[in-house]
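# missing the sequence, but the structure's below:
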C-alpha cells in the first residue's frame, strides 16, 4: 500500500519539475485538495520532503549519479523524484529509518514506473548511506566541494568569489542559504493565554520553543 503523504509529496515534486510550479503554491494547492485525508504529521512530512528535495536537489542528484548506470536525463521524472525524496530521507531525516525510506520508495516506483523500475530503485537506495554525503566533503577542488555539499550551483559560487569574497565566507553564505527560518508567532492575549496556546499547539504535534521575547514562540 502506497503511503499517502509520500505519494502527495512525489506529485508536488513532479509538478515543480515538469510544470515549473512554485514549490509553496504547488504544496498549498495539494494540501488543500487533500486536507481531509491528512493528519498533522502527514502535512509536516510532505512539507519537509518537498522543501528538502527542492533545497538539496543538486546534492541528491550527485549521490544518484554515484550509483546509477543510467544518466539522470534518461531516468523517468517520476522515478528520479522518488530517488531524490528517498535519499533525502536517508541522508537528512534522522527520525525516519532507512528501511522505511527504501521500502516506501520501492512501493512508489511500482506504481509510477515500469516493470524494472522497482528493482532499479531498490538497488540504488540500499547502497545509499549518510557516508555518501560525508564523502563530498573530501572533494579537493574547493568550488566543487562547496557546490556539492551545499547544493549551490558552481557558477554562483564563482560569482561570489569574483566579487572579492574569500572561500570561507562564500562557503558560509552557501550553507546559511539552506537554513530554513523558524516560524514565530505572538500570542493574542484577548483570545487566549501563552500557556493555553502552547498546550494547544503541542497537542497537535507541533514542537514549540518559548523565546525570551514577550509572548513569542518559535516553531521547529
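Arrived safely. What you are looking at is a predicted structure, and each value in this text was computed from that prediction instead of being measured. Numbering: from 1, shown residues only.
# for the most centrally placed residue in the chain, which non-adjacent residue is spatially closest?
Nearest to the geometric centre of the chain sits residue 52, at 1.5 Å (C-alpha atoms, centre = their mean). Nearest residue to residue 52 in three dimensions, chain neighbours excluded: residue 88, at 4.9 Å (C-beta to C-beta, 6 or more residues apart in numbering). Bear in mind the C-beta positions are built from the backbone N, C-alpha and C, glycine included.
# am I right that the one you found is in a helix?
Yes: assignment of residue 88 by DSSP: H, G, I helix; E, B strand; the rest coil places it within a helix.
# from residue 114, how far out is it?
Distance, residue 88 to residue 114, by C-beta to C-beta, to the nearest Å: 24 Å.
# which one of those two is surrounded by more residues?
Using other C-beta atoms under 10 Å as the criterion, residue 88 and residue 114 rank with residue 88 on top: 26 against 11.
# on that earlier part again, name the element the residue nearest to the centre of the chain belongs to?
Residue 52 belongs to helix 40-67 when assigned by DSSP states H and E.
# packing partners of that helix?
Packing contacts for helix 40-67, counted by 3 or more C-beta pairs under 8 Å, 6 or more residues apart in numbering; DSSP states H and E, involve helix 4-19, helix 23-34, helix 77-92, helix 117-125, helix 131-136, helix 142-150.
# dump those helices to CSV, plus distance to residue 192.
Shown next, in CSV, are the helices and strands packed on helix 40-67 (distance: least, C-beta to C-beta, whole Å):
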stretch, distance to residue 192
helix 4-19, 30
helix 23-34, 25
helix 77-92, 35
helix 117-125, 45
helix 131-136, 42
helix 142-150, 40
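# now the ones you listed in CSV, with mean pLDDT and distance to residue 45?
Below are those laid out as CSV (pLDDT from 0 to 100; distance: least, C-beta to C-beta, whole Å):
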stretch, mean pLDDT, distance to residue 45
helix 4-19, 95, 5
helix 23-34, 94, 12
helix 77-92, 98, 9
helix 117-125, 97, 18
helix 131-136, 97, 20
helix 142-150, 97, 24
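# any idea which of those helices gets closest to residue 195?
Of all these, helix 23-34 sits nearest to residue 195, with 29.0 Å by C-beta to C-beta.
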